[in-house]
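> Give the three-dimensional model of this entry:
(one chain, ligands or ions: 1)
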Amino acid sequence: MSNPRVTTAYFRQAKQEGRPLTMLTAYDFPTARLVDAAGIDAILVGDSLGNVVLGYESTIPVTMEDMLHHVKAVTRAVKRAMVIADMPFLSYHISVEESVRNAGRMLQEGLAQAVKLEGGREVLPQVKAIVNAGIPVMGHLGLTPQSIHQLGGYKVQGKDEAAARKLLDDALALEQAGVFSIVLECVPTPLATLVTQKLGVPTIGIGAGPHCDGQVLVTHDLLGLYGGFSPKFAKRYAQLHENIMAALTAYREEVQSRAFPGPEHGFGLDETVLEKLY
Ligand code: KIV
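All right, here's what the predicted structure looks like:
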């Protein structure tokens, strides 16, 4: 079969063979279709949905229902990439049972192939239970945006010895608990490199340097869909904000000057039909 679905085995093999993994976010059908067609290995329906699409200031207001709505749109579009659904704030904190139920909904209703959740040793019981239910789990360490009020801002994590050791120990514990991969967000390059060397499962970096086993970016950042600030690590591969603004402004001006629509954009009517109406 050509282009089979990306699986956790594909992730493992990519690390063993030293092949970098690619991951991008998508929250809707057309973007997911483009990302999949571009040959990206995994599509994360991130809870960055909250900031990027729903207009919230953080990921904290995002609910299970919000996530499922967007996970369903993405999985309808994707043929090859692994679709990973982010577990939103509080969906895996109340109890182990509720965590498994919510993770299961991402696969059963959303048709995702895996879930991602934030945190280290404090979420191990949930991770183990979800893995035991047969659901692949991706971990997420470093800057974990759902804890933004505890972290005190969007900053690089693991900078002193205690924090760096904690991050490494959390990564090893998550691997022991059965995660198939771990996102490292805003982690100093040497620490992300060490974690990557120590783990058997692949690390996926965002603001964590070039030595992770794979990279992830928020697609809206990569495409330059927003003007203004974007984080240092978010390389822009296009300037869509400028292109879209130019198109929207041209449309407004052409409607106002009656340049649009032209004769080629309209539909004719037989003269005889028209005559009878006058
Ligand atoms: O929600 C998200 O988009 C993420 C990525 C930044 C890794 O968690």
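> Next, Leu21: phi, psi?
phi -90, psi 150 (degrees, to the nearest 10).
> who does the residue nearest to it when sequence neighbours are not counted bridge with?
Using CB to CB, 6 or more residues apart in numbering and skipping residues adjacent in sequence, the residue nearest Leu21 is Gly214, 2.9 Å away. For every residue, glycine as well, the C-beta is placed using N, CA and C. Beta-bridge partners of Gly214, counted by DSSP bridges, are Leu21, Ile204.
> let's number from 54 now, not from 1
Will do, 54 is the new start, and the previous item becomes Gly267.
> Tell me how many other residues surround Gly267.
22 (other CB atoms under 10 Å).
> Also Ala126?
Using other CB under 10 Å, Ala126 has 18 neighbouring residues.
> Can you report how many residues lie near Val269?
25.
> Assign a three-state SS to the residue nearest to it when sequence neighbours are not counted, would you?
What sits nearest to Val269 in space, not counting adjacent residues and going by CB to CB, 6+ apart, is Met76, at 4.0 Å. What DSSP: H, G, I helix; E, B strand; the rest coil gives for Met76 is strand.
> what does Ile96 give?
Under the three-state scheme (three-state DSSP), Ile96 adopts strand.
> For this protein, what lies in contact range of the ligand?
Listed as neighbours of the ligand in the chain under the rule CB under 6 Å from any ligand atom: 78, 97, 99-101, 139, 193, 236, 238, 259, 269, 271.
> can you give me the helices for the protein?
61-70, 82-90, 102-105, 117-130, 149-161, 177-185, 201-204, 214-230, 242-251, 272-275, 293-309, 324-330 (DSSP state H).
> With mean pLDDT added, can I get these in TSV?
TSV is the format used below for these (pLDDT from 0 to 100):
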stretch	mean pLDDT
helix 61-70	98
helix 82-90	98
helix 102-105	96
helix 117-130	98
helix 149-161	98
helix 177-185	98
helix 201-204	94
helix 214-230	98
helix 242-251	98
helix 272-275	97
helix 293-309	98
helix 324-330	95
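> Make CSV from those helices and add distance to Lys285 to it.
Formatted as CSV, these follow (distance: least, CB to CB, whole Å):
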stretch, distance to Lys285
helix 61-70, 26
helix 82-90, 23
helix 102-105, 17
helix 117-130, 27
helix 149-161, 31
helix 177-185, 30
helix 201-204, 17
helix 214-230, 20
helix 242-251, 12
helix 272-275, 11
helix 293-309, 18
helix 324-330, 63
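> Quick one: closest of those helices to His318.
Set against His318 and scored by CB to CB, the helices of the chain come closest in helix 293-309, at 10.7 Å.
> For burial, what's the neighbour tally of Val124?
So Val124, with other CB under 10 Å, has 28 neighbours.
> what sits against Met140?
100, 120, 152, 155-156, 159, 168-170 (CB atoms under 8 Å, 6 or more residues apart in numbering).
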